[in-house]
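K.L.:
I'd like to go over a predicted model; first the sequence, then the structure.
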Amino acid sequence: MAELLLMRRFEIPDSHTLRVYRETGGYQGLAQAFGMTPAAILDEVKKSNLRGLGGAGFPTAVKWGFLPKDSPKPRYLVVNADEGEPGTFKDRYLLERDPHALIEGMVIAAYAIGSHLSFVYIRGEYIKPFRIFSDAVHEAYEAGLLGKNLLGSGFDLNVIIHRGAGAYICGEETGLISSLEGKKGWPKLKPPFPAVRGAFDCPTIVNNVETLCHVPHIITRGGEWFAALGTKTQGGTRMYSVSGHVVRPGVYELPVTATLRELIYDHAGGIPRGRRLKAVVPGGSSAQILTAEEIDVTMDVDGLRDAGTMAGSAGVIVMDESTCIPEALWVLARFYAHESCGQCTPCRESTGWVEKILARILSGKGRPEDPDNLLDIARRGAGTTICAFYDGAVNPYVSYVERFRSEFDYHIHHGECDVQPGRVVTGLETR
Amino acid sequence: MSFAGQMIAFTPTQLDEVRRLQALYPDPRAALLPVLQLAQEAFGFISPDVEEYVAGLFDLSPAHVHEVVTFYTLFFTKPVGRHILSVCRTLSCHLLGAPDVVAYLKERLGIEVGETTKDGMVTLFTVECLCACEMAPMMQVNDRYEGHLTREKIDRILERLE
Amino acid sequence: MPRLTIDGKEIEVPAGENLIEAARGLGIEIPYYCYHPGLSIAGQCRLCMVELEKNPRPQIACNMVAMDGMVVHTQTPKVLETRKSIMEFHLINHPLDCPVCDQAGECWLQIYYMKHGLYDSRFVEDKVHKPKAVPLGPHVILDAERCILCSRCTRFCDEITKTGELGIFNRGDHSEVGLFPGKVLDNRYSGNVVDICPVGALTDRDFRFQVRVWYLDTQKSVCPGCSRGCNIEIHSNVRRPHHAQGRRVARLKPRYNPHVNDWWICDAGRYGFGSIDQGRITFPQLREGGSLREVTWQEALALLIDRLRAYGPDEIGLLASPEMTNEELFLIRRLAETLGVKNLDFQIPPREPGDEDDFLLRADKNPNTRGAEAIGLWPADRGLDAWEMIEALRREQLKCLWVFHHDVTRCGWPEGAVLEALQAAQCLIYTGSNVNGIAERAHLVLPAATYAEKDGTFTNFEGRVQRIRKALPPLGDSRADWEILGECLEALNAGPKPTRPEEVFRALAHAVPAFAGLTYRDLGEYGLMLREVAHGASR
């Protein structure tokens, strides 16, 4: 059983308190970091091969390195706690059960990038995590771990907790920045990238909660050690959120070398009710779906990319043989249509269009050309939008239709479902 | 400006909080979301009068406040009930029975999705992924998440609402 | 200056220029909706995507600054296919309103569909429905379904007028342009959003259902509404007189001039063309007994000359107008010199102070005050100015007053005194285009053409001389002031009458140092500044 880094405190009572955090070795990484130069910290993170765990999988040290060397403007560290990717709930656990790990990671990161003001953007629905995290921040201020001259280092850092108001697109880093600035969560045109011009027109680094929680471990155990836990291109462990048709849904921390099969069967207990696995979404809803034959893949960023899908947010949604795939796709299509911010034409118009086509197929009025049209619509829009939201929608649109084409054709040809015969899909709650 | 016959205005304490928030950020406009959240708590929902009032506190046109309010799902532009039930309808919850949860709640409460019970106690919404898929099917009841919903559990939750 | 290659052709452009403008410099048109050179970059429509050699994905041209060595392709199969896709996305929820939409014929969905679309529609779902025919204010009406959410209008209200009335509410394909409930789009430049709206979402209430745009003729001119001199196009409907209640000028549109008004015009100027077709004086009139009767120009001119010869120079007053062109004002000066008349002026006080702002509006509601000053329409030594002429008329010292355009009965002067003066006049000659209080009281009324019915030049408040061009023939029997004055001068043996305004301008440029060296050809599209600042003659 591999060593737990992120989840090691989860079962300890009062794990969210400063007392427990310190008793279990917390804030030693910070003390150690203050004895290093920012450049040295950056170097460790680089050696660690830590990659962003929010969805994009971008190498963290490379992102930090994009900050301009000579800008007189203040730098901001923004923590993306706007967890929203369907199938993902790991950050919620971290905020509720180990908030100080995030704080410690934030302070080290802020020190490394030269930021004295950090924003934590928590999705509006996360009220309990917000309260727990706020209390932890309060404790940290009281203990001199936030505010001025932290641990006598001379380094100052203030934290502002900013609650979202209900919009998945605010998990996109520039959508988050727009929302932080008090506007609609409309993503910004890139270039310029946030590291050059981000929040309030200043250089900004946006990092995921889990990514930052790894930083103290990288400092205390060293980047090389962290890298060795994983593959050549991605180090460490990550928390996999498993849900859907499994015996034990929940979060599981494993090295990134673990396979999807291990995760589903060895850890999450396999498929309940004696049913067979049909399909898995390995990286949050925006990842391409895999069939039951495709689960012998390592769940690192490159491994899943090479398998034709993506690691994304590591939200693993398991579907057994009772699942109607067109219906599953329609549910996601409705999600993307509802969450499209509406700023750019291809996404705004085609997310709505795709949802309508799928609703029509499910209600028995599908047309033979629908699946090919759907694929064509998706492919024409991909790569044309302001942000990757639409590309995230395209992944399921294309992969579900391609891998389960016969199910769509059946619905269209017969006007009903072959997986759940007799099931009447009525009163579809569309948007 | 009035709401239910009352002037829309923050109390002095609330105004202090508004100013504190505006001073906290590098740009005072960034305080718009927390101030709207404050307004929603204070006035129950965000009417055009509230938007206009908040716009005045920020030197923004009311149209731009209205843009923000209508963009986010947690800002209510119509009155809501004492309790808000938001049932998640995205993939894992749907696979594990969210449509049945919604149907059952509509039946028990006697309302459609988006409506409030006649006694003003409960408003029923469906929402997208609340990121609690491990407890699917689930819903948010005011401040807290309630998962692994069954008819029995739903009955218990409804009973306990005051 | 960066040097780049677009579709195989090289061009050098100013630093900071985007690829749309760079391509335009080579005559290559990259299609776009949300981009506007006068507004911030939105990057929302995605229509302007082009391929760049070092980039695997197409990029939007509006947000890409031209860099040295860039190689851009705007006509590759991928670009053309992408344009088709973007066109399709724009059209799927767009209502099939063309038969009832004013924008038809100048609609950028139509135009770009024909150029870059030409695919078969495959959308069979129900379209998203939004409010239609919603008046936003006195001048603009919204059809939210037609809107392609390019955000040009919201950016205009934020960045140009800074009034922020418009917003885009909701999200996804339920996004909707609109006003805050209960508010009105009534800033003084509201009509500009109709120009910049690429489709029929924002249309002119005044122009609604009047005439199809393909029946319109267009002519370049300058707005006479104030001393700013915003450049305009006059769109006239003479081909379908049974439309638009027979009014000839269908609408005015601003014309781009980076030195004067950029792309914009105020609402007062935009909608102030009613007097061109309404309430016109269309034939010469002579007062006999108590009333005015129609006469021929031959009769009218004969009588005019007779009267001018009948009085001594001290008994005659000439009240010119800053509504007149430089050419016409120059001819009045010649007339004064020919007759020896020293009582000459061009200004009367306005009824109310004009409104002014820090954008385009100027308090002086005349188009050529600067021209009148430069040409010197002041009283000559010890001649009477405008008010003195009125008083002299009242005392019967001045016998004959020729008023051009001013309605002296409705201005800042006390009405009673003015009416007395007009009553006392032995010979009151009025040259103007519209029926008004002085026309009713004149002895001789000479119908004048409006600015839309003649060529000429105005000089704006900064000293920019700009051409106006004849868009329509003078209504009825009206004639341009320069023609009337030309006839007059010829009859007074002051030289052959000019055949066109350009002749007069040449003479003006020779005679008045401020205009030295200017020619119609050089004035071109954007006009030119006066060569030197002419000081008003000291009084």
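P.N.:
On my side now, so go ahead. Numbering: from 1, shown residues only, chains lettered A, B, ... in the order given.
K.L.:
ok, the residue in chain B that chain C sits nearest to to C:S40 distance?
P.N.:
Nearest residue of chain B to chain C, counting by C-beta to the nearest C-beta: B:S61, 3.0 Å away. From N, CA and C alone the C-beta is placed, and that goes for glycine too. Distance of B:S61 to C:S40, given as C-beta to C-beta, to the nearest Å: 16 Å.
K.L.:
Where do the strands of the stretch 401-539 of chain C begin and end?
P.N.:
Listed in chain order, the strands of the stretch 401-539 of chain C (DSSP state E, counting those that start in this stretch) span C:427-432, C:444-447, C:456-459, C:464-468, C:528-529.
K.L.:
Now render those strands as CSV, adding mean neighbour count.
P.N.:
Listed next are these as CSV, based on neighbours: other C-beta atoms under 10 Å in any protein chain shown:
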stretch, mean neighbour count
strand C:427-432, 25
strand C:444-447, 25
strand C:456-459, 28
strand C:464-468, 25
strand C:528-529, 16
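K.L.:
quick one: low-confidence parts of chain B?
P.N.:
Along chain B, segments meeting pLDDT under 70 span B:1-6.
K.L.:
Return the residues of it in contact with chain C.
P.N.:
With the criterion set to C-beta under 8 Å from any C-beta of the partner chain, chain B comes near chain C through B:48, B:51-52, B:60-64, B:66-67, B:70-71.
K.L.:
With adjacent residues omitted, what lies nearest to the residue nearest to the spatial centre of chain B?
P.N.:
For chain B, the residue nearest the mean C-alpha position is B:L74 (4.3 Å; C-alpha atoms, centre = their mean). Nearest residue to B:L74 in three dimensions, chain neighbours excluded: A:G166, at 3.7 Å (C-beta to C-beta, 6 or more residues apart in numbering or on different chains).
K.L.:
domains of chain B?
P.N.:
Here the domain parsing of chain B from automatic domain parsing is B:2-71, B:83-160.
K.L.:
need these in TSV with distance to chain A, can you?
P.N.:
As requested, these are exported to TSV (distance: least, C-beta to the nearest C-beta, whole Å):
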stretch	distance to chain A
domain B:2-71	4
domain B:83-160	3
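K.L.:
For C:T459, find the nearest of those.
P.N.:
Nearest of the domains of chain B to C:T459, taken as C-beta to C-beta: domain B:2-71 at 38.1 Å.
K.L.:
Give me the distance from the closest one to the chain's centre.
P.N.:
Remark: domain B:2-71 is offset 15 Å from the chain centroid, using C-alpha atoms, centre = their mean, to the nearest Å.
K.L.:
re the thing from before, among the strands of the stretch 401-539 of chain C, which comes closest to B:E107?
P.N.:
strand C:464-468 (74.2 Å).
K.L.:
Could you spell out the sheet neighbours of the closest one, each with its direction?
P.N.:
Sheet pairing of strand C:464-468 (DSSP bridges) gives strand C:456-459 (antiparallel), strand C:528-529 (antiparallel).
K.L.:
okay if I get those strands as TSV plus mean pLDDT?
P.N.:
Shown next, in TSV, are the strands paired with strand C:464-468 (pLDDT from 0 to 100):
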stretch	mean pLDDT
strand C:456-459	98
strand C:528-529	96
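K.L.:
Could you break the chain into its assigned domains?
P.N.:
All of this is about chain A. A:18-228, A:237-320, A:325-414.
K.L.:
The chain in question should be chain C.
P.N.:
Segmentation of chain C into domains, based on automatic domain parsing, reads C:3-91, C:98-277, C:285-529.
K.L.:
Just send the ones you listed back as JSON lines, with distance to A:G303 too.
P.N.:
As requested, those are exported to JSON lines (distance: least, C-beta to C-beta, whole Å):
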{"stretch": "domain C:3-91", "distance to A:G303": "23"}
{"stretch": "domain C:98-277", "distance to A:G303": "34"}
{"stretch": "domain C:285-529", "distance to A:G303": "60"}
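K.L.:
higher neighbour count, B:S61 and C:S40?
P.N.:
Between B:S61 and C:S40, B:S61 has the larger neighbour count (other C-beta atoms under 10 Å in any protein chain shown), namely 21 against 11.
K.L.:
residue contacts, that one?
P.N.:
Taking C-beta atoms under 8 Å, 6 or more residues apart in numbering or on different chains, we find B:S61 in contact with B:55, C:163-165, C:167, C:180.
K.L.:
Give me the neighbour count for A:T17.
P.N.:
Going by other C-beta under 10 Å, the residues that sit close to A:T17 add up to 17.
K.L.:
In space, what's closest to it - neighbours in sequence excluded?
P.N.:
Closest to A:T17 by C-beta to C-beta, 6+ apart is A:E139, at 7.1 Å.
K.L.:
ok, the one you found to A:D14 distance?
P.N.:
On the measure of C-beta to C-beta, A:E139 and A:D14 end up 12 Å apart.
K.L.:
So if I had to pick from these two, which one is more boxed in?
P.N.:
Legend: neighbour count by other C-beta under 10 Å for A:E139 and A:D14, higher for A:E139 (19 against 12).
K.L.:
Helix or strand: which one has the more buried one?
P.N.:
According to DSSP states H and E, A:E139 maps onto helix A:127-142.
K.L.:
any idea how far that helix is from the chain center?
P.N.:
With C-alpha atoms, centre = their mean, you get 22 Å for helix A:127-142.
K.L.:
Report all helices and strands that the next helix or strand after it contacts.
P.N.:
Toward the C-terminal end, the helix or strand that comes next after helix A:127-142 (DSSP H and E) is strand A:158-163. The contact analysis (3 or more C-beta pairs under 8 Å, 6 or more residues apart in numbering or on different chains; DSSP states H and E) places strand A:158-163 against strand A:115-122, helix A:127-142, helix B:32-43.
K.L.:
Could you report the neighbour count for the residue nearest to A:A165 when sequence neighbours are not counted?
P.N.:
Spatially, and ignoring its direct neighbours in sequence, A:A165 is nearest to B:Y72 (3.6 Å; C-beta to C-beta, 6+ apart). Neighbourhood size, B:Y72 [other C-beta under 10 Å]: 20.
K.L.:
Same check on C:R395?
P.N.:
Other residues lying near C:R395 total 10 when counted by other C-beta under 10 Å.
K.L.:
wait, what's in contact with the closest residue to it other than its chain neighbours?
P.N.:
Excluding its sequence neighbours, the residue lying closest to C:R395 (C-beta to C-beta, 6+ apart) is C:A424, at 7.9 Å. Contacts for C:A424 (C-beta under 8 Å, 6+ apart) come out as C:393-396.
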